[in-house]
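Novice: the sequence and its predicted three-dimensional model are supplied below.
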Amino acid sequence: MTAVLPSSAFRAAFRRHPAGVVVITADAEHGPAGFTATSLTSVCAEPPLVSFGVSTGSSSWPHVRDARGVVVHFLGAHQEDLARRFATSGLDRFAAPTRWRRLAGGEPVLDGVAGWLRAEVESRLPVGDHHLVLARVVETALRDDVPPLLYHDGRYHTI
């Protein structure tokens, strides 16, 4: 029989693993939605694929489930407030003071971020209480002058 690791021990282990902070946005024609994540992974370069996890209980899940594409925003060291805003449930994350616009295809993109990737969703795989989303990157916009925002041990940091 396989031993079951308590979820508290699993969470404690990953709190010790520093991760880059991103905000993922989507719009399935019901208005923009977005959430803060540290689960972004570069899957491969040929073709350019990324993956991320999203809880099926989150308010953003129905939008990600139905959207053809997403925008992954790399947050800069100065954007802890934005990370916290998109991690907070029960508020309009796109209301002021959030600054954003739409790309030519209608995807919501946040202003002032360290960079972003526009990606087309290729698959959504149910995994526990989450879905693992696999998406092909089709466009990027990156800035070299902004240090990244990191998350480690329950707090935001920078390099």
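Specialist: Now that the structure is in, tell me what you want to look at.
Novice: where does residue 132 land in three-state SS?
Specialist: Using DSSP: H, G, I helix; E, B strand; the rest coil, the structure places residue 132 in strand.
Novice: with the one 3 residues further on instead?
Specialist: Under three-state DSSP, residue 135 falls in the strand class.
Novice: run a quick neighbour tally on the nearest residue to residue 48 once chain neighbours are set aside.
Specialist: Leaving out its chain neighbours, the residue that sits closest to residue 48 by Cβ to Cβ, 6 or more residues apart in numbering is residue 137, at 4.1 Å. Where you see a C-beta, it was placed from the backbone N, CA and C, and this is true even at glycine. Applying other Cβ atoms under 10 Å, we find 17 residues neighbouring residue 137.
Novice: my guess is residue 42 is in a strand, correct?
Specialist: Yes: remark: residue 42 belongs to a strand, assigned using three-state DSSP.
Novice: and the gap between the spatially most central residue of the chain and residue 114?
Specialist: Centroid check for the chain by Cα atoms, centre = their mean gives residue 24 as the closest residue, at 3.4 Å. Using Cβ to Cβ, to the nearest Å, residue 24 is found at 14 Å from residue 114.
Novice: ok, now residue 3?
Specialist: Residue 3 is 40 Å from residue 114, by Cβ to Cβ.
Novice: looking at those two, which one has more neighbours?
Specialist: residue 114 (23 against 4).
Novice: now the strands for the chain?
Specialist: 19-20, 22-26, 33-37, 41-45, 48-55, 69-74, 100-102, 108-110, 115-127, 130-142, 149-152, 155-158 (DSSP state E).
Novice: for the fifth one, packing partners?
Specialist: Meaning strand 48-55. Helices and strands touching strand 48-55, by 3 or more Cβ pairs under 8 Å, 6 or more residues apart in numbering; DSSP states H and E, are strand 22-26, strand 33-37, strand 41-45, helix 61-66, strand 115-127, strand 130-142.
Novice: what sits up against it?
Specialist: 22, 24, 35, 37, 39-43, 60-61, 64, 72, 117, 119, 122, 127, 129-137 (Cβ atoms under 8 Å, 6 or more residues apart in numbering).
Novice: that concludes my questions; thank you for your assistance.
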